[in-house]
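Student: here is my input; please provide its structure:
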Amino acid sequence: MKKIKNIQIVNIILILVSTLVLLWLTNLHGFTGLCRWNPQYNRILLSLWASDLIIITLFLVSLINFKNKKNKKLLKWISLITSSLVSLITIALFLVLIIPTFSKVESNYNLKEIESNNSLRENEPLLKLAISSDPHWGSENSNQDARTQILKTIGDSNYDGFLCLGDVSEIGSTYSSYDLALKEFENNLNGTPIHVLLGNHDALINGTVFFKKYFQKNQENFYSRIDYDNFHIITLDLLWDAKEFNKKQETWLISQLEEIPQEDMIIVLSHCFGYCSGYKDPETGKEWYDNKDVIENVDSILEKYNVELVLSGHNHLMEFLKHSNTSYSIIGTMGGLLDRASEYISPQSVWLDNTHFGYLDLQVYKDSLKLTYKDQNGIDLYSTVVKNN
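Tutor: Below is the predicted model:
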């Protein structure tokens, strides 16, 4: 009898461990987005939860007071063996994901962060920024030469800051990609201040721990605000869609927008887009264009407060779009494999290019923003002006 009770206690512990690990995994930043947009990961997660449910069911059945003691004992052993196997798998998965996060970052590279509360200079343009996204260091498909050339062009062009909108790494849980990124930033940007957003690839898997060590050591959340007198930069945490846009972030965003005077100019940065042209993934059936989730839950707020410009990456193309009084720019062309020709053209699209690597030159004036899309060598591809709303 005592032996059976001991088996039950061990069983309970194993079930608790496996359930806690699965809860931790499910709630990793960006992991549910990964599963929503990639069915193979969703199947793995569902299989793990199904296994956990099976061992819970077996344990509960083993508590039934069977008349045949041999059957009862056999069932308890089956329950223990099954829960042991499931627990070993989940614990091994946990260790694989958590152990690398204790690695010490030993970088000799010091990036100059774009700072808040800087005064705009007197001469026009008041501020000059370079923006690009999705370099994907660590990917075999990324274009290293184009990526390096973009940084060199920016470094030689006297910008006040460089904004990278995410997917610095192909897989965020490998710090070697970030080491390469820091080295290239340091070697090619010539001291240009830089601010980096978290992308969906940077968050893979438990990669947020690495990302914080390299790019956001002193930042609590993955969203922020940078002010330059009457010009404001708001960064949001949007990886795959609007699911990371929880109540806390929404409340924070609205408070920032209400605090900023209407006559001031605002640009909002995010990794994932709202409006964008694109294609339907033939393998998953997912629509990589006009993201209804972001449009309904995020862009609707930005347009309500007359935000001038929203900039995003995620899709590997350049595009300028306009809806209501707000302009939208996609600039995911920093080296990641360029997207195929767009099968779907957003009704909001004004200009689209998916044949060039490059970046966006953003010049801030007293009452307007000048956007110039440039290739990797700094040659102009398209230019437009966004007026103060």
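Student: every contact and neighbour count from this point should use C-alpha atoms.
Tutor: Will do.
Student: what lines up beside the helix or strand harbouring residue 362 in the sheet?
Tutor: Per DSSP states H and E, residue 362 falls inside strand 358-364. In the sheet, strand 358-364 lines up against strand 127-132 (antiparallel), strand 368-375 (antiparallel) (DSSP bridges).
Student: tell me which of these is the most buried.
Tutor: When the strands paired with strand 358-364 are scored by mean count of other C-alpha atoms under 10 Å, the highest mean neighbour count falls to strand 127-132 (a mean of 24).
Student: in contact with the residue lying closest to residue 317 once chain neighbours are set aside, which residues?
Tutor: Excluding the flanking residues, the one nearest residue 317 by C-alpha to C-alpha, 6 or more residues apart in numbering is residue 354, at 4.5 Å. Neighbour list for residue 354: 316-318, 338-341 [criterion: C-alpha atoms under 8 Å, 6 or more residues apart in numbering].
Student: try it again at 7 Å.
Tutor: 317-318, 338-339, 341 (C-alpha atoms under 7 Å, 6 or more residues apart in numbering).
Student: for residue 39, state which of those residues is nearest.
Tutor: Comparing those against residue 39 with C-alpha to C-alpha places residue 339 closest, at 20.4 Å.
Student: can you give me the neighbour number for residue 325?
Tutor: Neighbours of residue 325 under the rule other C-alpha atoms under 10 Å: 17.
Student: so what's it up against?
Tutor: 303, 306, 389.
Student: so where's the protein shaky on pLDDT?
Tutor: For the chain, applying pLDDT under 70 flags the ranges 1-7, 65-69, 71-72, 103-108, 117-118.
Student: ok, longest helix in it?
Tutor: When the chain is parsed with DSSP state H, its longest helix is helix 69-98.
Student: how close does residue 76 sit to residue 20?
Tutor: According to C-alpha to C-alpha, to the nearest Å, residue 76 stands 22 Å off from residue 20.
Student: those two: who's more crowded?
Tutor: Using other C-alpha under 10 Å as the criterion, residue 76 and residue 20 rank with residue 76 on top: 23 against 14.
Student: is it true that that one touches residue 64?
Tutor: No - with contact defined as C-alpha atoms under 7 Å, residue 76 does not reach residue 64; the gap is 10.2 Å.
Student: shared neighbours of the two, which are they?
Tutor: Residues touching both residue 76 and residue 64 by C-alpha under 7 Å, 6+ apart: none at all.
Student: would JSON lines of the contacts of residue 325 with distance to residue 270, secondary structure and neighbour count be doable?
Tutor: Listed next are the contacts of residue 325 as JSON lines, based on distance: C-alpha to C-alpha, whole Å; DSSP: H, G, I helix; E, B strand; the rest coil; neighbours: other C-alpha atoms under 10 Å:
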{"residue": "303", "distance to residue 270": "15", "secondary structure": "helix", "neighbour count": "18"}
{"residue": "306", "distance to residue 270": "17", "secondary structure": "coil", "neighbour count": "20"}
{"residue": "389", "distance to residue 270": "20", "secondary structure": "coil", "neighbour count": "17"}
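Student: turn those into CSV, including distance to residue 274.
Tutor: Formatted as CSV, the contacts of residue 325 follow (distance: C-alpha to C-alpha, whole Å):
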residue, distance to residue 274
303, 12
306, 16
389, 20
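Student: out of these, who's nearest residue 160?
Tutor: Closest approach between the contacts of residue 325 and residue 160, by C-alpha to C-alpha: residue 389, at 23.7 Å.
Student: in terms of contact, does that closest one touch residue 305 like I think?
Tutor: No - here residue 389 does not reach residue 305: they are 9.4 Å apart, not a contact under C-alpha under 7 Å.
Student: which residues in the stretch 51-200 of the chain form helices?
Tutor: Listed in chain order, the helices of the stretch 51-200 of the chain (DSSP state H, counting those that start in this stretch) span 69-98, 144-155, 175-188.
Student: so which of those comes closest to residue 376?
Tutor: For those, proximity to residue 376 was assessed by C-alpha to C-alpha; helix 144-155 is nearest, at 4.6 Å.
Student: just the angle for the host helix or strand of residue 328 relative to strand 368-375, thanks.
Tutor: Using DSSP H and E, residue 328 sits in strand 326-331. Interaxial angle, strand 326-331 versus strand 368-375 (axes from the mean of the first three to the mean of the last three C-alpha atoms, to 10 degrees): 20 degrees.
Student: just the CA trace of strand 326-331, in PDB.
Tutor: Coordinates of each C-alpha in strand 326-331 appear next as PDB, following Å, rounded to 0.1, in the frame of the first residue of the first chain:
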ATOM      1  CA  THR A 326      -2.200  58.000 -42.000                       C
ATOM      2  CA  SER A 327       0.700  56.800 -44.300                       C
ATOM      3  CA  TYR A 328       2.200  53.400 -44.100                       C
ATOM      4  CA  SER A 329       5.700  52.200 -45.100                       C
ATOM      5  CA  ILE A 330       7.100  48.700 -45.500                       C
ATOM      6  CA  ILE A 331      10.900  48.500 -45.500                       C
END
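Student: what residues does that strand touch?
Tutor: So strand 326-331 is contacted by 132-133, 303, 306-313, 317-322, 359-360 (C-alpha under 7 Å, 6+ apart).
Student: what's the answer for stretch 181-201, then?
Tutor: For stretch 181-201, contacts defined as C-alpha under 7 Å, 6+ apart pick out 30, 109, 111-114, 137, 151-152, 154-155, 159-167, 169-172, 215, 222, 239-240, 271.
Student: buried set for that stretch?
Tutor: 181-186, 188-189, 191-201 (16 or more other C-alpha atoms under 10 Å).
Student: do stretch 326-340 as well
Tutor: Buried-residue list, stretch 326-340, by 16+ other C-alpha under 10 Å: 326-339.
Student: all strands for the stretch 151-300 of the chain, in order.
Tutor: For the stretch 151-300 of the chain, the strands defined by DSSP state E, counting those that start in this stretch occupy 161-164, 194-196, 224-228, 231-235, 265-269, 279-280, 287-288.
Student: check which helices and strands the first one sits against.
Tutor: Here strand 161-164 touches strand 127-132, strand 194-196, going by 3 or more C-alpha pairs under 7 Å, 6 or more residues apart in numbering; DSSP states H and E.
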